[in-house]
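# any chance you could fold what I've pasted below:
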Amino acid sequence: MNTNSNNMAFGASGGAGKLRALLLVATAALALAGCDKLGIGGKSDAPKGQVVATLDGQEITVLEVNAELAGTPIPPNMVRRDAEKLALENIITRRMLAKQAEERELNKKPEFLLQERRAVEQLKVQSLARDIAAKVVPPTRDEAEKFIAENPSMFNERKFFILDQIQFLRPDNIEKLGFESAKTMEAVEQILTANKIQFRRQPASLDALSANPAFVREVSKVLAANPQELFMFASRPQGAPAPVVLVNQVKDTRIQPFTGDKAREFATNYLRNERIQNALRKEVEAQQKSQKERVVFQPGWEPAAKKAADPKALAGTNPSGPAAPEALKLPSHEGAAPAAAQEPAPAPAPAG
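Numbers count the residues shown, from 1 in each chain. Model prediction:
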């Protein structure tokens, strides 16, 4: 018994020693793990370099923050770093909400999958548009100067047309309302009133610099023949339920030249934009031509026949000129619109 008891006592003593040693080793391991996490001097192992934050272990980089800010103007009273921090917060919040949506399996619903496919397709199309735009040959200095010389009403003789203008949403039966016989603005008002079409009449101005050159030339021809002639065009502002028709009569024309380096820069940007639009349009037309061989429609779903172009010079003309096809439109911050490069301030419209 004693021998066994002593052995047991020895075993207990030895076991306690081993247990104490194991505890010490475990404690040391935890301490080392803490050092790895906290770093030397007790500081946290924070992201560094291109990684600005992590969310549930996933990295968020400077590139992602810059992409979040792309095309968003920073307010003049905000420094860029504060804007970057705000963009980072937006990314973090969006990802946390997205993760919550995934946990609820909302990303498996049919409506989500349809929207996801549409969004991915749009991103691919934007990438195609950027690739096409990047391959457009930029205009030369000589080409810009030739454009300036061929369009004096935009540059050396830059014109401001001071207008009396009537605005209304284009009705479906506009061709049947008899606007072609109207010789005065009052006659236009009578037609609109008789057809119960709401309208607004107000002073306006048209800057030849920001208008399509072909449109300016047509307007100039009309005014050369009859300075009191009415002219009409349509434009569709973003969010408008239908094109807005603008009937105009020129009350005054003012000259404010636009010359020098800024004019040349504007002309270069204008020509570059025009080439990009043409290249994008060409790609859309090429794809549409292949539609007959590649698409099979259910009866009744075939594309509607296109209407013939309006032969009247200004009836359907948009003064801003042809835009990029919707299918291949670039975001404005990616160079889709020509930069006006500090052009002179518009001439003021007369009071009243």
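# list the contacts for the closest residue to Ala267 other than its chain neighbours?
Leaving aside its chain neighbours, Ala267 sits nearest to Ala144 (4.1 Å; criterion: CB to CB, 6 or more residues apart in numbering). Quick note: C-beta positions are derived from backbone N, CA and C, even for glycine. For Ala144, the contact set (CB atoms under 8 Å, 6 or more residues apart in numbering) comprises 264, 267-268, 271.
# which pLDDT does the model give Ala144?
Looking at Ala144, its pLDDT is 96.
# same thing with Pro348?
48.
# same thing with the one 4 residues further on?
Note on Gly352: pLDDT of 43.
# kindly report the same for Phe233.
85.
# and if you look at Leu38?
At Leu38, pLDDT is 44.
# what about the helices in the stretch 251-352 of the chain?
260-289, 291-294 (DSSP state H, counting those that start in this stretch).
# where does pLDDT dip in the stretch 1-150 of the chain?
Scanning the stretch 1-150 of the chain for pLDDT under 70 picks out 1-44.
# dump the residue contacts of Ser220.
Counting by CB under 8 Å, 6+ apart, Ser220 has contacts 153, 159.
# apply 7 Å and report the result again.
Listed by CB atoms under 7 Å, 6 or more residues apart in numbering, the contact partners of Ser220 are Ser153.
# ok, back up a step: between the contacts of Ala144, which is nearest Pro227?
Ala267 (28.5 Å; CB to CB).
# surely that closest one touches Lys146?
No - counting by CB atoms under 7 Å, Ala267 stays clear of Lys146, with 8.8 Å between them.
# which one's more surrounded, the two?
It is Ala267, of Ala267 and Lys146, that has more neighbours when counted by other CB atoms under 10 Å, with 26 against 14.
# and that one, how far from Glu68?
34 Å (CB to CB, to the nearest Å).
# kindly report the same for Gln165.
40 Å.
# then Leu280?
Relative to Glu68, and taking CB to CB, Leu280 is found at 26 Å.
# the more surrounded of those two?
Shown here are Leu280 and Glu68; by other CB under 10 Å, Leu280 has more neighbours (23 against 19).
# check what pLDDT the more buried one gets.
93.
# pretty sure it sits against Leu128.
No - Leu280 is not in contact with Leu128 according to CB under 7 Å; the separation is 9.1 Å.
# let me know how buried Ile60 is, in neighbour terms.
Ile60, neighbours per other CB under 10 Å, totals 19.
# try Phe147
21.
# now swap in Ala101 and tell me
Neighbour number of Ala101 under other CB under 10 Å is 13.
# which ones are touching it?
Asn107.
# that one: what secondary structure?
helix (DSSP: H, G, I helix; E, B strand; the rest coil).
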